[in-house]
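Trainee: Sequence and computational prediction follow.
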Amino acid sequence: MSTVQSLDRAIELLRLISANYREGERLSDLVKASQLAQPTVHRLLKQLVEGGLVMQDADRRYRLGHFAYELGLAAASHFGLRQQCAPFLARISQETGDTAFLVVRSGTDSFCLDRQSGAFPIQVLTVEVGKRRPLGIGGGGLALLSFMPEAELPAVLTRIAPHLKPYGGLTRSILLKLVAQARERGYAAITDYAVAGVTSVGVPIRDRTGQVLGAISVSAIASRMADREAMV
């Protein structure tokens, strides 16, 4: 196995572990999710544990390690998108009355950086801060997928396709239709597929060159969002 291939596989294991950071991941779960041979997964995990990026708890579940935490703190010092967007996220949640989310792309996943709740009595807290989901899930994830460079889309769809079914039976073909709709309208909208009975609307955040840095989305119960989508 080449060094580059080993690195790619180790990064994928880190993504899987971070996706379930609260409960941790068992070896068998990582083998199934990564579709790698058990000896390969075990060897890579051993190296990640030795490097401090991963730890194994008393229940033999793998979690992110102390060095991953240290890297996160170091990266936060120059990754200021959350701080830059915080006042806008607060204003959006206040004006809509609903929950607003800030998400960024992480490989083929979306990663929730922040969320702010509005004043409407029923708040839709579809994803926690620090949680990752496949691109295309939720309004923010769909916005990131829809407005990424066209050349990247086929490969990303191939990677995420096996992980879509748990999200309301979402498929690659359905996702392609939602992407086409988002590009036509200039914003993403998705109903039921992330959470039943919920609609999420998302828009991309771009830098001065037009590159997508992240996305902001608003989620609400579908009946409430039906007449308010354009406003949101």
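Mentor: That came through, no problem.
Trainee: sec struct for residue 170, please.
Mentor: Recorded secondary structure, residue 170: coil (DSSP: H, G, I helix; E, B strand; the rest coil).
Trainee: these two touch, right, it and residue 164?
Mentor: Yes: if you go by CB atoms under 8 Å, residue 170 and residue 164 touch, sitting 4.3 Å apart. Glycine gets a C-beta too; all of them are placed from N, C-alpha and C.
Trainee: which residues are in contact with both of the two?
Mentor: 136-137 (CB atoms under 8 Å, 6 or more residues apart in numbering).
Trainee: who's more crowded, these two?
Mentor: For residue 170 versus residue 164, the count of surrounding residues by other CB atoms under 10 Å is larger for residue 170: 22 against 19.
Trainee: And the more buried one, how far from residue 59?
Mentor: Separation of residue 170 from residue 59 (CB to CB, to the nearest Å) stands at 31 Å.
Trainee: Ok, residue 81 next?
Mentor: 35 Å.
Trainee: for residue 49, same thing?
Mentor: According to CB to CB, residue 49 stands 15 Å off from residue 59.
Trainee: quick one on the thing from earlier: when residue 81 and residue 59 are compared, which one has more neighbours?
Mentor: Shown here are residue 81 and residue 59; by other CB under 10 Å, residue 81 has more neighbours (14 against 8).
Trainee: surely the more buried one meets residue 105?
Mentor: No: contact criterion CB under 8 Å: residue 81 and residue 105 do not qualify, at 11.4 Å.
Trainee: Could you pull out the residues contacting both of the two?
Mentor: Contacts common to residue 81 and residue 105, judged by CB under 8 Å, 6+ apart, are residue 214.
Trainee: List the buried residues of the lowest-mean-pLDDT helix or strand in the chain.
Mentor: Between all helices and strands in the chain, the lowest mean by mean pLDDT, DSSP states H and E belongs to helix 66-76, at a mean of 78. For helix 66-76, the buried set under the neighbour-count rule, 16 or more other CB atoms under 10 Å, comprises residue 68.
Trainee: partner residues bridging the residue positioned nearest the centre of the chain?
Mentor: Compute the mean C-alpha point of the chain, and by CA atoms, centre = their mean the closest residue is residue 110, 2.1 Å away. For residue 110, the beta-bridge partners are residue 105, residue 133 (DSSP bridges).
Trainee: residues in contact with it?
Mentor: 103-104, 132-135, 137-138, 140-141, 144, 215.
Trainee: can you pick the most crowded of these?
Mentor: For the contacts of residue 110, neighbours tallied by other CB under 10 Å; top is residue 140, 37 neighbours.
Trainee: could you measure that residue against residue 47, distance?
Mentor: In terms of CB to CB, residue 140 sits 33 Å off from residue 47.
Trainee: All the helices of the protein, residue numbers only.
Mentor: For the chain, the helices defined by DSSP state H cover 3-19, 27-34, 38-50, 66-76, 81-96, 138-146, 153-160, 172-185, 222-225.
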